[in-house]
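Colleague: Using only what follows, build the 3D model:
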Amino acid sequence: MYADKINAVSPSYASELMTYLGGHGMAKNFQERSSDIRGIINGCDYADWDPKTDPLIPVNYDINRLADKELCKHALQKRAGLDVNNTALFGMVGRLTEQKGLNLLLPILERFLVHKVQVVIVGTGEPGLEERLTDMMQAHPERLAYLNDHDNELAHLVEAGSDFFLMPSLFEPCGLNQMYSLAYGTLPIIRSVGGLRDTVVDYDYQAKWATGFSFQEPEPLALLSTLRRALLFYLQEPEEYRRVQQTAMRTRYLWSDSVLHYEQMYRDALGLNAGH
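Modeller: Numbering: from 1, shown residues only. Just a heads-up that it's a prediction; the model follows:
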């Protein structure tokens with residue numbers, strides 16, 4: 001109420017704060033201050049998240065050595081107790097909460113597992129969600145691996161070894177894992193919300209600049225449809241999949257870019273012109 005400027009960590013989340021669904025009960029307050037709200041996307045620390053130099057993955061690779069990413073996939077499959085092969089692998093790392101989209105994923109996960117896929121989920125969180133994933137893994141041990149863990153090295157391995165990375169969040173102010181995924185050539189599958197919407201380009205929306213797949217409605221079937229769309233793309237368009245991987249790996253969200261917007265916001269708050 002008394003700030004000179006209000007800062008959100010992505011342009012889309014700044015807009016969502018002014019809506020009934022996205023405002024968390026404060027939409028009217030944000031609407032009244034709409035001229036002072038700025039959305040500035042977070043930067044990514046590529047010193048820690050770069051497959052070319054990452055010391056936590058078994059094999060380093062880059063945009064010109066994408067074949068070596070397959071070795072990271074095999075290492076992840078071995079770590080997760082899955083068959084080591086070229087099956088499409090979908091990874092997910094994060095807190096097991098409703099906010100992260102588990103209520104969208106769990107109702108359709110077994111329907112997705114009828115396909116020839118592998119899914120690796122790493123995380124801790126709500127006991128009920130942990131229990132459901134454990135039960136589902138025991139029913140589908142050849143297709144689903146749930147690792148009840150919070151381990152930085154394992155998180156890097158999932159980013160490097162997966163073909164797709166799941167982020168079906170109900171809301172996501174900015175998000176960082178989708179940026180890590182882009183850098184590792186692991187195509188994000190996101191709900192088009194908040195910072196996810198601002199950083200991932202859906203293949204069906206703009207194929208030339210695509211870096212992943214997205215869906216809009218917070219419904220389990222919308223996620224299932226998107227998962228199947230990504231799987232078909234992987235199986236039927238291997239050369240195009242590789243091109244989209246390379247587009248993703250060229251994408252960068254740098255703090256050196258974000259800081260310019262922060263400087264301008266602070267100048268505006270102080271009533272300074274950009275040239276001063």
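
Colleague: what bits of the stretch 151-276 of the chain have low per-residue confidence?
Modeller: Judged by pLDDT under 70, the stretch 151-276 of the chain has its weakly predicted residues at 274-276.

Colleague: Recalculate using a threshold of 50.
Modeller: Within the stretch 151-276 of the chain, the set of residues satisfying pLDDT under 50 is empty.

Colleague: For the stretch 1-150 of the chain, just list every one of the helices.
Modeller: For the stretch 1-150 of the chain, helices defined by DSSP state H, counting those that start in this stretch occupy the ranges 11-16, 27-32, 69-80, 102-112, 127-139.

Colleague: and the angle from the longest one to helix 102-112?
Modeller: Angle of helix 127-139 versus helix 102-112, following axes from the mean of the first three to the mean of the last three CA atoms, to 10 degrees, is 10 degrees.

Colleague: Now do helix 127-139 against helix 69-80: the angle between them, please.
Modeller: Comparing the axes of helix 127-139 and helix 69-80 via the same axes, to 10 degrees yields an angle of 100 degrees.

Colleague: other SSEs contacting helix 127-139?
Modeller: Contact here means 3 or more CB pairs under 8 Å, 6 or more residues apart in numbering; DSSP states H and E; on that basis helix 127-139 packs against helix 102-112, strand 144-147. Just so you know, the C-beta spots here come from the backbone N, C-alpha and C atoms, and that holds for glycine as well.

Colleague: repeat that for 6 Å
Modeller: On a contact count with 3 or more CB pairs under 6 Å, 6 or more residues apart in numbering; DSSP states H and E, helix 127-139 meets strand 144-147.

Colleague: Kindly report the same for the first one.
Modeller: The helices and strands touching helix 11-16, judged by 3+ CB pairs under 6 Å, 6+ apart, are strand 37-39, helix 194-199.

Colleague: mind giving me TSV with those and columns for mean neighbour count and distance to Leu221?
Modeller: Converted to TSV, the helices and strands packed on helix 11-16 look like this (neighbours: other CB atoms under 10 Å; distance: least, CB to CB, whole Å):
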stretch	mean neighbour count	distance to Leu221
strand 37-39	19	30
helix 194-199	25	19
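
Colleague: what's the offset of stretch 139-146 from the middle of its chain?
Modeller: 22 Å (CA atoms, centre = their mean, to the nearest Å).

Colleague: which ones are touching Gly161?
Modeller: Cys72, Lys73, Leu76 (CB atoms under 6 Å, 6 or more residues apart in numbering).

Colleague: Roughly how far does it sit from Cys72?
Modeller: 4 Å (CB to CB, to the nearest Å).

Colleague: quick one: common contacting residues for those two?
Modeller: Common contacts of Gly161 and Cys72 (CB under 6 Å, 6+ apart): none found.

Colleague: ok so, going back, which of the contacts of Gly161 sits closest to Val93?
Modeller: Distance to Val93, by CB to CB, is smallest for Leu76 among the contacts of Gly161, at 11.3 Å.
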